[in-house]
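Engineer: Here is a sequence together with a model predicted from it:
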Number of protein chains: 8
Amino acid sequence: MEAHEVLEKVRQSEMSVKEAEAYFRRQPFEDMGYAKLDTHRKLRNGAAEVVFCSGKSDDHLVSIFERLWEQDGEVFGTRATEKQFELVRQKLPDIQYDPVSGILKIEKPDKERVGMIAVCTAGTADISVAEEAAQTAEYLGSYVERIYDVGVSGLHRLLSRLDVIQSANCVVAAAGMEGALASVIGGLVDKPVIAVPTSVGYGANMHGISALLTMINSCANGIAVVNIDNGYGAGYMASQINRLGERK
Amino acid sequence: MEAHEVLEKVRQSEMSVKEAEAYFRRQPFEDMGYAKLDTHRKLRNGAAEVVFCSGKSDDHLVSIFERLWEQDGEVFGTRATEKQFELVRQKLPDIQYDPVSGILKIEKPDKERVGMIAVCTAGTADISVAEEAAQTAEYLGSYVERIYDVGVSGLHRLLSRLDVIQSANCVVAAAGMEGALASVIGGLVDKPVIAVPTSVGYGANMHGISALLTMINSCANGIAVVNIDNGYGAGYMASQINRLGERK
Amino acid sequence: MEAHEVLEKVRQSEMSVKEAEAYFRRQPFEDMGYAKLDTHRKLRNGAAEVVFCSGKSDDHLVSIFERLWEQDGEVFGTRATEKQFELVRQKLPDIQYDPVSGILKIEKPDKERVGMIAVCTAGTADISVAEEAAQTAEYLGSYVERIYDVGVSGLHRLLSRLDVIQSANCVVAAAGMEGALASVIGGLVDKPVIAVPTSVGYGANMHGISALLTMINSCANGIAVVNIDNGYGAGYMASQINRLGERK
Amino acid sequence: MEAHEVLEKVRQSEMSVKEAEAYFRRQPFEDMGYAKLDTHRKLRNGAAEVVFCSGKSDDHLVSIFERLWEQDGEVFGTRATEKQFELVRQKLPDIQYDPVSGILKIEKPDKERVGMIAVCTAGTADISVAEEAAQTAEYLGSYVERIYDVGVSGLHRLLSRLDVIQSANCVVAAAGMEGALASVIGGLVDKPVIAVPTSVGYGANMHGISALLTMINSCANGIAVVNIDNGYGAGYMASQINRLGERK
Amino acid sequence: MEAHEVLEKVRQSEMSVKEAEAYFRRQPFEDMGYAKLDTHRKLRNGAAEVVFCSGKSDDHLVSIFERLWEQDGEVFGTRATEKQFELVRQKLPDIQYDPVSGILKIEKPDKERVGMIAVCTAGTADISVAEEAAQTAEYLGSYVERIYDVGVSGLHRLLSRLDVIQSANCVVAAAGMEGALASVIGGLVDKPVIAVPTSVGYGANMHGISALLTMINSCANGIAVVNIDNGYGAGYMASQINRLGERK
Amino acid sequence: MEAHEVLEKVRQSEMSVKEAEAYFRRQPFEDMGYAKLDTHRKLRNGAAEVVFCSGKSDDHLVSIFERLWEQDGEVFGTRATEKQFELVRQKLPDIQYDPVSGILKIEKPDKERVGMIAVCTAGTADISVAEEAAQTAEYLGSYVERIYDVGVSGLHRLLSRLDVIQSANCVVAAAGMEGALASVIGGLVDKPVIAVPTSVGYGANMHGISALLTMINSCANGIAVVNIDNGYGAGYMASQINRLGERK
Amino acid sequence: MEAHEVLEKVRQSEMSVKEAEAYFRRQPFEDMGYAKLDTHRKLRNGAAEVVFCSGKSDDHLVSIFERLWEQDGEVFGTRATEKQFELVRQKLPDIQYDPVSGILKIEKPDKERVGMIAVCTAGTADISVAEEAAQTAEYLGSYVERIYDVGVSGLHRLLSRLDVIQSANCVVAAAGMEGALASVIGGLVDKPVIAVPTSVGYGANMHGISALLTMINSCANGIAVVNIDNGYGAGYMASQINRLGERK
Amino acid sequence: MEAHEVLEKVRQSEMSVKEAEAYFRRQPFEDMGYAKLDTHRKLRNGAAEVVFCSGKSDDHLVSIFERLWEQDGEVFGTRATEKQFELVRQKLPDIQYDPVSGILKIEKPDKERVGMIAVCTAGTADISVAEEAAQTAEYLGSYVERIYDVGVSGLHRLLSRLDVIQSANCVVAAAGMEGALASVIGGLVDKPVIAVPTSVGYGANMHGISALLTMINSCANGIAVVNIDNGYGAGYMASQINRLGERK
């Protein structure tokens, strides 16, 4: 029973005020809240839910992929293994797998991609995280430029690509080790920088904690940070920002 | 001598190619680089540099404020003390001081403020950080709605202001203690959320580290984090995002 | 306008279904949500809100105390200073202050206290935290036995009071330094133990982090932990448990 | 020789006062102490000891299971592997194994379960910990409602089950990543909440430390925390509280 | 009523077996346990309790000092302030205060000191901790040699005192900063070394945590560690070891 | 050339003062220092070097075992694997291996063991560390009593063995999880306690760091701590102390 | 188009001042910057790039080795596995692999090595890191003396090699566990010491963090620290220093 | 009696070989060792000991300054307060005090300064640490160029001073907050970089720990790190390196 039905019954004295009050006391979240939020998810993503494949049971994974593909005509999963790819392919032969980023997807071919996000990495080892960010953003409808291996120990590499970086709506900076890339980019652009610490490194980097602290303490303006190796989160937020800049 | 002057001299054969080459080899950053970045700063801020007052010597502080006010007709400082306010006021009688946020400013009266940023806090103790964010964003030309004391332990307070929050281009969520506010807001809006951990709390919150970890590990999409108590950083980035959404 | 008034108007056709639907869509949390939670708070506490005095401005503090006292005929604040006591006393001459726990309160004289909570400390330096727990629980209607200075380095002290501890509905164990008290009590009683690490100690106790870790890692059953020095939280939860055991 | 036998012999002058005194001086803990605690354990659990299977040698594990089953007609182990299940099944063919929670048990079929505990999780990955809590509480005689996958990033899911949660005697909230679920539930119920941080997540969650800190620093009342992934501890304490609320 | 009285009554049928059983079930710790442990303390210390002065209220401190002095003819307190010295001196004019170590004491003049403990420091800033250790050990009846400022950055200083160090029953090594002294001494002597990390240093020594970790990870044999700045604990344990080596 | 030979040559004018001075300036450590320290090792151990097997190459390990056995007629290694045992057995068929502690040894059959060390553990999982301590102490000539599984959550188990523990010259307390055993024993005995944190536990115990902190912060007197899982170090130091108490 | 070409065109009026200005605004980093920095790398190393083999894909690794060998006639990789050695050997049969340090190289036979670096280790387990340092320095043209297993628990071993250590231009000190070696060497030499913490140890050394803290807090002068296990970094910097001392 | 005197006596048969042997066995460190190290200190510093003023008692400080000034005609102290300056000035009227760096010194006027060290800072707040480094290096005989406020958020500032930085023998890079300066400089120069993390910053920089981690994890070659705020240590090591590059 929906809210207006209850009110109609009250109006027609088919339900007492007390009963209606109990209904509203009990149901506000279930009914209206639920519907409202569902709508949000659609508006937000311009696409259905993204699947975090890591740790999912085989049966569960395959059925989620099938259901989402049927519903939306496309499906997108992160942190998938080679073995998960093989499993899903038996049901969805068009599925594509990128072993670098671990992304498993069927993407509609005619997707428009708006604006521009620059996804940068300090080294080649950060590319798996960066690809997760880039492909997430692309799936969510953003145009992405990849600018990899431009770490601060060889500054000329970064500076030679500055034009592209400066023309983006939003920059994703993925770096491990000391994570200084985000600060340097932050000082060179006038757009938001999403910093992604990666777990690349050894010793005192403590699986990315060092890079996370570097980025959080950045002296540059316009930088905010997501979790270690969270390429998906960076790509998602970058796409939100980029699309904001492109809406009519 | 500026770049175009050098080139003009080359064109008029008043300077040799070799001399000009030496000029460009030596000066790229000072001259053009500097100019370029200055231009950026203007585009970015719609205003001049912001002054971090904490720890500045008295003489230094006063002269910076005077110079910026002369140059731009407005000036904006963060983390100022009452005593610094008194000092600056002797030179700039129009200066205004907000003891809650520690902001010391002269702002042009006719400033247009575009778009909308929602600045939220979990408790009343987080307001000083939130005000730093809000006033920074306002100074940079954004319209701000303040939604304070809507922490997750009394969820109805947050939900009752949901309409406003959901209509913002960008949300700033400032919270100390366990910092759960950012995750809850992240699940309720479809716009970027800038999470600001505050040092409010005691015991195992370790001056904000706990809230920082909560926010970095958020299960919600579209959240990125700035340093503990860094209201300025949050306001700056939120304004970048907000203005991106409002440009023509 | 409250929920039942709206419904009454619908019933009497003084308000359309559509208008009422808008009311409920807009107001669920403010109106019903708020009311519901308020009702909860009353059921829970048997008393109004508790005031965290630390850091409140003078004006704010005094007006909160006045309002709560007028509303409930009693009022209870934690972490108050001597100076705050003097301030509030000017308006509420019956206010009482306990410098050990920092509690500032007017309590109804005829309050019934049910069940029994045993509040234990390892040393005398933990008493300030324990008193915050004990007086909170008493204010919320629980009977409390204080068993102080029974740390594990002199086990006979604890064992000699075992009868009382074993007859409680719930035990609060406050300890700093290595915090072993909670584990030892956990092995001796068959009721829930709320462990409160205190910041008492020096060196590697890191302001209570060591005691917190000890308690979280306890090998004994039936122990759960609150924040460092959080006597209020322990007393609150202990009272919830104790009253659960005493309801009809 | 038990205590009452010694006393009987003293009464009948078959043992001197001095000999008896020596007996009590030497044996207080073994004999009476031990018996007393054993009695406690029975009162507490309504069942015999729970077996922590992880790391036990094969022989040791099988013989413990056999002995407890013979003594009590039921037996309950946590953190068992598939391989341990196969081993024990050779001796106890009725043994049941739940691969999700790792629980290995024979439970009496006619067990009464009193009161109600709500066991909630933020995500599906937290279910293994939650099941350890739920099945422990059930084994100890509590009725349990499972409310899974109600994390704060989709608040409507939690709110739609609020009625059940609010009617429990005690709530267990299991969450990894940022662990905000406990705070949100704490603000919505008037019963004790046992928060269980889980090691679910990656990067800066540091195997559950982040969720632990979130929960310890919670701004909501009535929350206490057990160790990371300690479903057993949460279920045990919740059952203590729940049964306290149901005793005559 | 003591144990033998109860048993006597049972023998004379003045008390039933059941009543006596209840007595023993209830009292084992109070009666026998208590007496036993008290005796221990005397045997252990060869002196009465040591007073931790820090944080004690004025009244409490003075009365403890008076009572212990009356009982034992001597009294010993650690971490006392100048102000506490003045207070106690009004009641006990013979009290002596050492501002370096913060020790406040009246010591019997004719005390025999047995064996030998070498108390070493890395630098002059560690002397306050070392004096707490040395004077504690002396008060507990040990002979002490002080070997200060022999840190490893000038190895010749340490090596020139090696004869004395090698002839001790036990060595106390107090060091801050990197705390390497304990390892070097551990490799040079064949007696137990009690390592005391001190909070001396700055930056990444984190108030002694760095020195603590160094000492705990020592590659040398025969080293065990006490808390940061815990001179008292080191002196106490060293005295236990030294006296063990000197008993007949 | 040894020192006395040089001096003899000087006396007989076969070497100049300057040459001799150069010799002593260059050689002090090699010659005299070296000899002195070697002597120490023998006095200390009453046995030759102990071998840390973990990580040694196969060839290296076997040759060390052979050389030590030839030299001393006995040999003792810690942290050996089953595979290393098989390897060494091919050369030394009398070698014995204890899979619980990982100790690999040939021990002289007629060894006298003096004094008494009590080696205690909190749980059965701590036994591997405790056995490393116990067997090390036995190898170094101490008599050892093992008192296992006496953790503080079942205090009666510990108290029932108190007589033995109290009669030791030195106590080793090995415990993981919250590590409270050391504090409780420290309060019950008047001899030095060597506390060994173990890595037993899960979640917030962080591989033994929690137990280490508990023990370092102990409120009891006469406790010092060695590294996590360092049974060898505890056994070594306990043996030093025990033998000190037994020397003539 | 290079800078001088542009200027030539301006001079000959083939390009406008404005076009040239745009060129210089856009290209400063690409053109001049790039060339400048490339030159630096050659000057710095006296050799081509060093390859970090760990984690490189097979194809990538082999092609890098081939390319560098062709270009420079030598090639040097760190952290290579046995399997990577086999792979590269198929293309470059002269390649040499050192399983201790994981170095994979072809080095020109006639390389001059200048000055002297002393590479010291505390134990034998630190040798793999030390060899990475030593062979890196040798590849970069420095003469190296290896002084291994001279840890501070047996000081005579270090002192007996003091002459060699004191005659070096620079010392590398590699140590795990408590890492005290660097401080002791720092007090004995008058040349820069590069301290390399290693991850050797267990328990509270936390994979080298303890040794890192020890070295950073060193009380000796002239010590600076590189990352845990970073033998390459130490060897590189030591070689820079050593060669500085040998240039004409 | 010095070594050569003893040998002379042996030569002249005024002392027996045995007596002389005892002398050398007992005195090696005091006599020769001490002298040797003293000689080292002179060679190293080209000046006497540096005084760490912080925490020294007034009397102690003044007498050290007087003694060193008398001995060397110059004296140099770090971390002095204004008050200490006033005290010392009463005895040594020529003493100079720099309130920025806290350096208190009398320096010989005619000191030659060789080579060149570039001392760089990220911000103006790092200057106090940088001045400690710069003035230490100058006192030890090095020529220093100061390049302040060249942090990476405004890269052009750094690049415009690159010529000077690249011509130094050694670079000191002092930076707080995220500490990225060291990595960027490391990528631009071919000389050793001594990185000094400073405690400048707030929130998650944890008093310089964040900058320390950044610098230790640097991806650039040729960087080593000293303790937080340890300008003295950086200046000392930089001077060692610089002078090595300038010796004949």
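Structural biologist: That came in fine, so what should we check first? All of these numbers come straight from a predicted model, not from anything done at the bench.

Engineer: and the residue in chain A positioned nearest to chain E, how far is that from residue D:172?
Structural biologist: Distances between chain A and chain E by C-beta to the nearest C-beta are smallest at residue A:204, namely 10.9 Å. Every C-beta, even on glycine, is put in place using the N, C-alpha and C of the backbone. Remark: distance between residue A:204 and residue D:172 (C-beta to C-beta, to the nearest Å) = 38 Å.

Engineer: The two: who's more crowded?
Structural biologist: Counting neighbours by other C-beta atoms under 10 Å in any protein chain shown for residue A:204 and for residue D:172 shows that residue D:172 has the greater number, 33 against 29.

Engineer: Please name the strands paired to the strand or helix carrying that one in the sheet, noting orientation.
Structural biologist: When elements are defined using DSSP states H and E, residue D:172 is found to belong to strand D:170-175. Paired with strand D:170-175 in the same sheet, following DSSP bridges, are strand D:114-121 (parallel), strand D:193-197 (parallel).

Engineer: mind giving me CSV with those strands and columns for distance to residue C:224?
Structural biologist: Formatted as CSV, the entries for the strands paired with strand D:170-175 read as follows, by distance: least, C-beta to C-beta, whole Å:
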stretch, distance to residue C:224
strand D:114-121, 14
strand D:193-197, 6
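
Engineer: Could you dump the ones you listed into CSV and include mean pLDDT?
Structural biologist: Converted to CSV, the strands paired with strand D:170-175 look like this (pLDDT from 0 to 100):
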stretch, mean pLDDT
strand D:114-121, 96
strand D:193-197, 97
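
Engineer: Need the winner for burial among those.
Structural biologist: By mean neighbour count, with neighbours taken as mean count of other C-beta atoms under 10 Å in any protein chain shown, strand D:193-197 ranks first of these at a mean of 33.

Engineer: how distant is that strand from the center of its chain?
Structural biologist: Relative to the chain's own centre, strand D:193-197 is displaced by 13 Å; criterion: C-alpha atoms, centre = their mean, to the nearest Å.

Engineer: pull the CA atoms of that strand into CSV?
Structural biologist: Output of strand D:193-197 as CSV, limited to C-alpha atoms (Å, rounded to 0.1, in the frame of the first residue of the first chain):
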residue,chain,number,x,y,z
VAL,D,193,24.9,-2.5,20.4
ILE,D,194,27.9,-4.9,20.2
ALA,D,195,30.1,-3.7,17.3
VAL,D,196,32.3,-6.2,15.5
PRO,D,197,34.9,-4.7,13.1
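
Engineer: what sits up against it?
Structural biologist: Residues outside strand D:193-197 that contact it (C-beta atoms under 8 Å, 6 or more residues apart in numbering or on different chains): C:224, D:129-130, D:133, D:170-176, D:179, D:182, D:185-186, D:208-209, D:211-212, D:214-215, D:218, D:220, D:222-231, D:233-234, D:237-238, D:241, F:203.

Engineer: Which of the helices and strands in chain A ranks last by mean pLDDT?
Structural biologist: helix A:34-45 (a mean of 38; mean pLDDT, DSSP states H and E).

Engineer: could you pull out the strands for chain A?
Structural biologist: The residue ranges that make up the strands of chain A, judged by DSSP state E, are A:51-52, A:75-78, A:96-98, A:103-106, A:114-121, A:142-147, A:170-175, A:193-197, A:223-225.

Engineer: What helices and strands are in contact with the shortest one?
Structural biologist: Same thing as strand A:51-52. Using 3 or more C-beta pairs under 8 Å, 6 or more residues apart in numbering or on different chains; DSSP states H and E as the contact test, the elements touching strand A:51-52 are helix A:58-72, strand A:75-78.

Engineer: nearest to residue E:151, of the ones you listed?
Structural biologist: Taking C-beta to C-beta as the criterion, strand A:75-78 is the member of the helices and strands packed on strand A:51-52 that comes nearest to residue E:151, at 53.5 Å.

Engineer: what are the pairing partners of the closest one, and which direction each?
Structural biologist: Strand A:75-78 pairs in its sheet with strand A:51-52 (parallel), strand A:103-106 (antiparallel), by DSSP bridges.

Engineer: want to throw those strands into a markdown table with mean neighbour count, mean pLDDT and distance to residue D:6?
Structural biologist: Output for those, formatted as a markdown table (neighbours: other C-beta atoms under 10 Å in any protein chain shown; pLDDT from 0 to 100; distance: least, C-beta to C-beta, whole Å):
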| stretch | mean neighbour count | mean pLDDT | distance to residue D:6 |
| --- | --- | --- | --- |
| strand A:51-52 | 18 | 90 | 65 |
| strand A:103-106 | 24 | 96 | 73 |
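
Engineer: rewinding a little: narrow the contacts of strand D:193-197 to just the buried residues.
Structural biologist: Among these, those classed as buried by 16 or more other C-beta atoms under 10 Å in any protein chain shown are C:224, D:129-130, D:133, D:170-176, D:179, D:182, D:185-186, D:208-209, D:211-212, D:214-215, D:218, D:220, D:222-231, D:233-234, D:237-238, D:241, F:203.

Engineer: still on that earlier bit, dump the strands paired with strand A:75-78 to JSON lines, plus distance to residue D:97.
Structural biologist: Listed next are the strands paired with strand A:75-78 as JSON lines, based on distance: least, C-beta to C-beta, whole Å:
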{"stretch": "strand A:51-52", "distance to residue D:97": "27"}
{"stretch": "strand A:103-106", "distance to residue D:97": "32"}
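
Engineer: Quick one: closest of these to residue E:91.
Structural biologist: Residue E:91 lies closest, by C-beta to C-beta, to one member of those: strand A:51-52, at 70.2 Å.

Engineer: which residues sit against the closest one?
Structural biologist: Among residues not part of strand A:51-52, those counted as contacts by C-beta under 8 Å, 6+ apart are A:61, A:64, A:65, A:68, A:75, A:76, A:77, A:78, A:79, A:104, A:232.

Engineer: Isn't the residue of chain A closest to chain E up against residue G:213?
Structural biologist: No - in this structure, residue A:204 is not within contact of residue G:213 by C-beta atoms under 8 Å, at 9.7 Å.

Engineer: And chain A, split by domain according to the record?
Structural biologist: Taking automatic domain parsing as the reference, chain A has its domains at A:51-106, A:114-244.
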